[in-house]
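Participant: Sequence and predicted structure are below.
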Amino acid sequence: LRATPGEAPFTPLAISRLAWHSLRRLIPDAVSAVLMPNHLHLCGPLRPQVELGIHGLAGKIASALGKPGLWEKLHVTPISGPDALRTQIRYHALNPVRKRLCSDPLSWAWSTYREHFGATADRWIGARAIESLFGEGAPGLRALHAYCSADPSVDVAGTPPPGGPARSTRRRPCRRAG
């Protein structure tokens, strides 16, 4: 779904939140998604109710922004197999980096790529979809990251996989206010 030229409907935080949470409810079995300032990309099963839901969401956003002619036509492209799906997942992960909106795909808030590495509190995309394409557990995540970071638009040599959150082994007492 793409906005007409010159429009960036997903720039306001409230609209981005509305879109992201609506898409999560609408397509719980999505494989990959990214929300850009003027468009969104999704990979997942397209059922008639999904397409109707996306049109409804687009109408709700246009109405909230007071811009009835906000959207271009919804573009639907079938994905031909696992290789094409892997390519789309990488495209979604790197789209914000290529558009110079961030320097690291893990830092873009409206992307499912970051979910796989624990960078979100509430995961949308199930691990099974990615594991079927890249492998299970930590080796699968390393393969996903290597595949995305090896793209020439990022760095020909690739980048190291993200580490987990730093954890202290020392327990700290809770402090009460007042």
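Facilitator: Okay, I see it. Source: prediction; values computed, not measured.

Participant: in this protein, which helix or strand is least confident?
Facilitator: helix 127-134 (a mean of 83; mean pLDDT, DSSP states H and E).

Participant: quick one: Asp151 and Leu94 touch, right?
Facilitator: Yes. Counting by Cβ atoms under 8 Å, Asp151 touches Leu94, with 5.9 Å between them. The C-beta positions use only the backbone N, C-alpha and C, and glycine is treated the same way.

Participant: Now do the helices for the chain: every range, in order, please.
Facilitator: Here the chain has its helices, by DSSP state H, at 13-26, 48-65, 82-98, 127-134, 137-149.

Participant: among those, which is nearest Arg114?
Facilitator: Taking Cβ to Cβ, helix 82-98 is the member of the helices of the chain nearest to Arg114, at 8.6 Å.

Participant: Identify the bridge partners of the residue positioned nearest the centre of the chain.
Facilitator: For the chain, the residue nearest the mean C-alpha position is Ser111 (2.2 Å; Cα atoms, centre = their mean). Here Ser111 shows beta-bridge partners Val34, assigned using DSSP bridges.

Participant: Leaving out chain neighbours, which residue sits closest to Gly140?
Facilitator: Phe134 (4.4 Å; Cβ to Cβ, 6 or more residues apart in numbering).

Participant: count of neighbours near that neighbour?
Facilitator: Using other Cβ atoms under 10 Å, Phe134 has 20 other residues around it.

Participant: Please give me every residue in contact with it.
Facilitator: By Cβ atoms under 8 Å, 6 or more residues apart in numbering, Phe134 lies in contact with 86, 140-141, 143-144, 147.

Participant: mean pLDDT lowest for which of the helices of the chain?
Facilitator: Set side by side, these differ in mean pLDDT, and helix 127-134 is lowest with a mean of 83.

Participant: neighbour-wise, which of Asp151 and Leu94 wins?
Facilitator: Leu94 (20 against 17).

Participant: Show residues contacting stretch 101-115.
Facilitator: For stretch 101-115, using Cβ under 8 Å, 6+ apart, the contacting residues are 10, 16, 20, 30, 32-37, 89, 92-94, 96-97, 117, 119-120, 123-125, 148, 162.
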